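# Model the structure of this input:
(chains A and B)
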Protein chains: 2
Amino acid sequence: MQKSSRSRFSLQVVGKILYLQQAVLVEYLELQMVCQVILLSTDRWAEKDVNPALFSRELMRNSSNFLDDDEVNRDPQILLMKAHAATSSVGSATVIIAVLEKTGTLKIASVGDCGLKIIRKGQVVFSIYPQEHYFDCPYQLSSEAAGQTYQDALVCSVNLLEGDTIVSGSDGLFDNIFDQEIISIISESPGVDETAKALAELARKHSVDVTFDSPYSIEARSRGFDVPWWKKLLGAKLTGGKMDDITVVVARMNTVAVPGAEGGSI
Amino acid sequence: MQKSSRSRFSLQVVGKILYLQQAVLVEYLELQMVCQVILLSTDRWAEKDVNPALFSRELMRNSSNFLDDDEVNRDPQILLMKAHAATSSVGSATVIIAVLEKTGTLKIASVGDCGLKIIRKGQVVFSIYPQEHYFDCPYQLSSEAAGQTYQDALVCSVNLLEGDTIVSGSDGLFDNIFDQEIISIISESPGVDETAKALAELARKHSVDVTFDSPYSIEARSRGFDVPWWKKLLGAKLTGGKMDDITVVVARMNTVAVPGAEGGSI
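Presented below is the predicted three-dimensional model:
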C-alpha cells in the first residue's frame, strides 16, 4: 500500500505527577490528543472527610469518555460541560483540557489555576494563566452549586507548528519556575519524558527553597504580601517557593505521514 | 421597530501612539473590528536612506483595505499575506492583527515583537509574546526576501467575554511595564482612552528611569547581559527601562443589542 504525501500532526505526550505535598493519589491520562491536568483542592474537602481525589478522577475519566462524543465535536468547552454534568462524586477541581485538531490547531478550555505555554524556537510565544477569585483561591469546577461551570472557562486556540513544545501544568509548576528555566530545560532535554521530569524536579527544588525568589513570591509581593516592616528595615523581603502538588504535562508537535489517498491538507 | 434581544459583541477601541524616540511619524487605525499595532524598524532603514514609516503605513493601509475581502474571510493570517503581497514600499515592520468575530472570538496573527494581553476580572488570563531571532532582533515582514512571511505568524484565537480588556502594544510598552501595573491602571481608569494614555505614560516614565528594574532589564539579565564584574562585586546590577517607541491599543469588550429578528445567538 502506497503512503501518500499527506501528513497530519500528532502529539508526543508525557504526563508526570510528582512530589505531592499531601498523601493523595493523583492520576493522569496519556492520550494521543488530550492533555489534562487536574489539580486537587485537598484542604477544604479533607476537613469534610471527603476524599478530594474522587471528583477529579471521575471528571478526568468522564472527559476521556466524552472525547469522541458527537455533541462534543472535539470542542473542549462542551467536553468540560458534559464531563462535569456526568460527574457525581463530591469535591472540586481546577482543570485544563487541550484537544489537538488534525490541522494542527490546539483548542484549549481552562477553569482555574492550571497554565499552558507554547515554546517555539526557544521562546515562549503563547501563555494562558490562572483564574482566581483572589490570591491563591482559584476557580474550580465543583459538585456544589457555588462552583464555576464550563461557561467560566478561558477558551482559546493556537495553531501549532512542527517542533513546538507544549508545557501544561498546575500552579505548583508555574509558581516555582520561570519561563527562562522552562526554555533552558527544553533545550537541554533529549525528549518530552526528560523535559517533564526535569521541570518537575526543578519546581520541587524551588518549592522548598525559602531563599528562592520564585514567581510566587514575586507575585505575592506585588499583591501587598511581604515580611513584617521591621524585617523590611533590615533589608529582608518575602521570598521562597510555593510548596504544592506539582503536575507537569509536556507535549511536542511532530508531523507524521499517514497512509490514505483522500484529499485534504494540513 | 422592535429591538430583538439578540446581541453581538463590539469593541470599544482606542489607539495611542506616543513618545517616539525618533522623529518618525507613526499612524494608527481606529477600526471597529481591528486593532493593529505596527512597530517601525527605524535604524537599519534610516542608514539606507529609506523612510522606515512608508512600509508600515502601506502595510496598515493594505490590511485595512483587505479586511472585507472574500478570500481573506476575516482570517488575520490570510489578511497579513495579502496585505504584505500588496505592499510595494521598501522597509520592514513587525505587525499584529486582531479581528473580532460577532461571536466574540478574537482572532489574532502576530509577526514580531508586539504583544497582546487579555485582562479579565482584574487578571491577565491570556498573553502572546514577541518572536525574535535573538535578543532585541524581532521577526519582521519585509520588502526583502530575507524577512518573515505570514507563515511565520503566531496564529491564535480567544473567546472574549463581556468586560474583557484587550491591551496590545509594541515592545516599548511591554518591556517597560509589568502585568500588575497594567491591571492597576485598568482598574483605576474610567475608560479605554484614559487606560491607553496612562499605560503609555507609565511606560515612557519607566523607559527613561535608569534605576527601574524593568521587564526588559530582568529579561536581559536572564539572557546573560549585566554590568561588568567589578560593578557586580559592588552590588550593582543591570537595571533601567528600554527607550523605544511606545504603541498602545486598548479595547474593551461590550455587548450591544442589535436590531433584527433573524435567528442565531452569540
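# Residue nearest the middle of chain A, spatially speaking?
Closest to where the C-alpha atoms of chain A average out (CA atoms, centre = their mean) is A:G169, at 3.1 Å.
# How about that residue: what's its closest non-neighbour residue?
A:V248 (4.6 Å; CB to CB, 6 or more residues apart in numbering or on different chains). Bear in mind the C-beta positions are built from the backbone N, C-alpha and C, glycine included.
# pretty sure that neighbour contacts A:T165?
No - A:V248 is beyond contact range of A:T165, at 12.0 Å (criterion: CB atoms under 8 Å).
# So for the two, which sits in the more crowded spot?
A direct count of neighbours by other CB atoms under 10 Å in any protein chain shown for A:V248 and A:T165 places A:V248 higher, at 28 against 23.
# hey, what's that one bridged with?
A:K16, A:G169 (DSSP bridges).
# okay, it: pLDDT?
Confidence at A:V248, expressed as pLDDT, is 89.
# residue boundaries of the strands in the stretch 151-266 of chain A?
Assigned by DSSP state E, counting those that start in this stretch, the strands in the stretch 151-266 of chain A fall at A:154-159, A:165-169, A:246-257.
# mean pLDDT for those strands: which is lowest?
For the strands of the stretch 151-266 of chain A, mean pLDDT drops lowest on strand A:246-257, to a mean of 81.
# so who does A:Y150 touch?
A:Q77, A:I78, A:L80, A:M81, A:H84, A:A109, A:V111, A:L141 (CB atoms under 8 Å, 6 or more residues apart in numbering or on different chains).
# correction: A:P130
Applying CB under 8 Å, 6+ apart, one finds that A:P130 lies in contact with A:G112, A:D113, A:C114, A:G115, A:P138, A:D171, A:F174, B:Q123.
# Quickly name whichever of those is closest to B:G104.
For the contacts of A:P130, the residue nearest B:G104 by CB to CB is B:Q123; the value is 18.5 Å.
# how close does that closest one get to chain A?
6 Å (CB to the nearest CB, to the nearest Å).
# Where does the prediction get shaky in chain A?
Across chain A, the ranges flagged by pLDDT under 70 are A:1-47, A:256-266.
# and it, which residues reach chain B?
A:120-121, A:123-132, A:154-159, A:178, A:180, A:222-223 (CB under 8 Å from any CB of the partner chain).
# Drop anything exposed from these.
When the residues of chain A next to chain B are checked for burial by 16 or more other CB atoms under 10 Å in any protein chain shown, the buried set is A:120, A:123-132, A:154-159, A:178, A:222.
# mind checking the end-to-end distance for stretch A:81-98?
14 Å (CA to CA, to the nearest Å).
# Repeat that for stretch A:141-159.
27 Å.
# what does stretch A:150-161 give?
End-to-end span of stretch A:150-161 (CA to CA): 28 Å.
# other SSEs contacting the one helix or strand A:E58 maps to?
Per DSSP states H and E, A:E58 falls inside helix A:53-66. Helix A:53-66 sits against strand A:34-40, helix A:76-85, strand A:92-100, with contacts defined as 3 or more CB pairs under 8 Å, 6 or more residues apart in numbering or on different chains; DSSP states H and E.
# Give me the buried positions along it.
A:A53, A:L54, A:F55, A:S56, A:R57, A:E58, A:L59, A:M60, A:N62, A:S63, A:F66.
# likewise stretch A:216-232?
Result for stretch A:216-232 [16+ other CB under 10 Å]: buried residues A:Y216, A:S217, A:I218, A:E219, A:A220, A:R221, A:S222.
# Also stretch A:89-107?
For stretch A:89-107, burial by neighbour count (16+ other CB under 10 Å) applies to A:89, A:91-101, A:104-107.
# Identify those among the buried residues of stretch A:216-232 that sit within helices.
A:Y216, A:S217, A:I218, A:E219, A:A220, A:R221, A:S222 (DSSP state H).
# Excluding chain neighbours, what is closest to the fifth one?
Think A:A220. A:L238 (5.8 Å).
# from what I can see that neighbour touches A:I218, true?
No - contact criterion CB under 8 Å: A:L238 and A:I218 do not qualify, at 9.1 Å.
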